[in-house]
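**Student:** One predicted model, sequence on top.
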Amino acid sequence: DGGITQSPKYLFRKEGQNVTLSCEQNLNHDAMYWYRQDPGQGLRLIYYSQIVNDFQKGDIAEGYSVSREKKESFPLTVTSAQKNPTAFYLCASSTSGYSTDTQYFGPGTRLTVL
Amino acid sequence: AQKITQTQPGMFVQEKEAVTLDCTYDTSDPSYGLFWYKQPSSGEMIFLIYQGSYDQQNATEGRYSLNFQKARKSANLVISASQLGDSAMYFCAMGFSGNTPLVFGKGTRLSVIA
């Protein structure tokens, strides 16, 4: 089945730790995205990548880092510099980087800082 | 500035009735697209329907239709014959030609009552 997988589903982090959220897609999409969602809020873009080995900052990139070494994979690292990382994180992909292309989402990772 | 406004934080509808979820947008870009996504309590964002700014006819997908009024800059989602499984958050989003990221509204929580 084609789709987007995210792991883990739940993640707990101690303050001062870096954690990495996984996102994999087998849709052969060029573009991938990371969003953050806080309770009762819409989605805010963290990073996006339109092609392998290239990525751009979104609206709230501070305290996060990404890599895009393979077309299928776009991991997100939440660093200790991110002051309030507790949130729901959604990964998405689309055929190209044009925002009129439909983005398809993974099931999300819920990160909690202890 | 590009902006999406969803003015209804919450809506209730009786099962089997139709419901309209409001979405207004603001952009000076002549080429854009409007999306609706459903987010059930599980968290995954599910793509429902898309309308391009140059599309002459309103988009329909099964029980979902998009009431697109370009002059009023509105793109309301109509769900016919509501089902209990339609209870979820619904997000309107706008994309543009080029690489400008997708803009999301804050969402409307729909509750379907038996």
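**Tutor:** Okay, I see it.
**Student:** Just the strands from chain A, written as ranges.
**Tutor:** Applying DSSP state E to chain A gives strands spanning A:4-7, A:10-13, A:19-25, A:31-37, A:43-51, A:54-57, A:64-66, A:76-78, A:87-94, A:104-105, A:109-113.
**Student:** for the ones you listed, which one sits closest to B:G43?
**Tutor:** Between B:G43 and those, the shortest gap by Cβ to Cβ is with strand A:87-94, which sits at 6.0 Å. Bear in mind the C-beta positions are built from the backbone N, C-alpha and C, glycine included.
**Student:** Now look at the closest one and say if it contacts chain B.
**Tutor:** Yes: judged by Cβ under 8 Å from any Cβ of the partner chain, strand A:87-94 comes into contact with chain B through A:88, A:90, A:92.
**Student:** quick revisit: how about the strands of chain A in JSON lines, adding mean pLDDT?
**Tutor:** Listed next are the strands of chain A as JSON lines, based on pLDDT from 0 to 100:
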{"stretch": "strand A:4-7", "mean pLDDT": "96"}
{"stretch": "strand A:10-13", "mean pLDDT": "92"}
{"stretch": "strand A:19-25", "mean pLDDT": "97"}
{"stretch": "strand A:31-37", "mean pLDDT": "96"}
{"stretch": "strand A:43-51", "mean pLDDT": "95"}
{"stretch": "strand A:54-57", "mean pLDDT": "95"}
{"stretch": "strand A:64-66", "mean pLDDT": "97"}
{"stretch": "strand A:76-78", "mean pLDDT": "97"}
{"stretch": "strand A:87-94", "mean pLDDT": "96"}
{"stretch": "strand A:104-105", "mean pLDDT": "96"}
{"stretch": "strand A:109-113", "mean pLDDT": "94"}
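**Student:** Closest residue of chain B to chain A?
**Tutor:** Closest residue of chain B to chain A, Cβ to the nearest Cβ: B:G95 (3.3 Å).
**Student:** tell me which element B:W36 falls in.
**Tutor:** When secondary structure is defined using DSSP states H and E, the element that contains B:W36 is strand B:32-39.
**Student:** Just the CA trace of that strand, in PDB.
**Tutor:** What follows is strand B:32-39, C-alpha atoms only, in PDB (Å, rounded to 0.1, in the frame of the first residue of the first chain):
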ATOM      1  CA  TYR B  32      -4.500  29.500  -6.200                       C
ATOM      2  CA  GLY B  33      -6.200  26.400  -4.900                       C
ATOM      3  CA  LEU B  34      -8.400  25.600  -2.000                       C
ATOM      4  CA  PHE B  35      -8.300  22.400   0.000                       C
ATOM      5  CA  TRP B  36     -10.400  20.900   2.700                       C
ATOM      6  CA  TYR B  37      -9.000  18.300   5.200                       C
ATOM      7  CA  LYS B  38     -10.600  16.300   7.900                       C
ATOM      8  CA  GLN B  39      -8.800  15.500  11.100                       C
END
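**Student:** hey, which of the strands of chain A is tucked in deepest?
**Tutor:** Highest mean neighbour count among those (mean count of other Cβ atoms under 10 Å in any protein chain shown): strand A:31-37, with a mean of 25.
**Student:** so how far is it from its chain's centroid?
**Tutor:** From the chain centre to the centre of strand A:31-37 is a distance of 4 Å (Cα atoms, centre = their mean, to the nearest Å).
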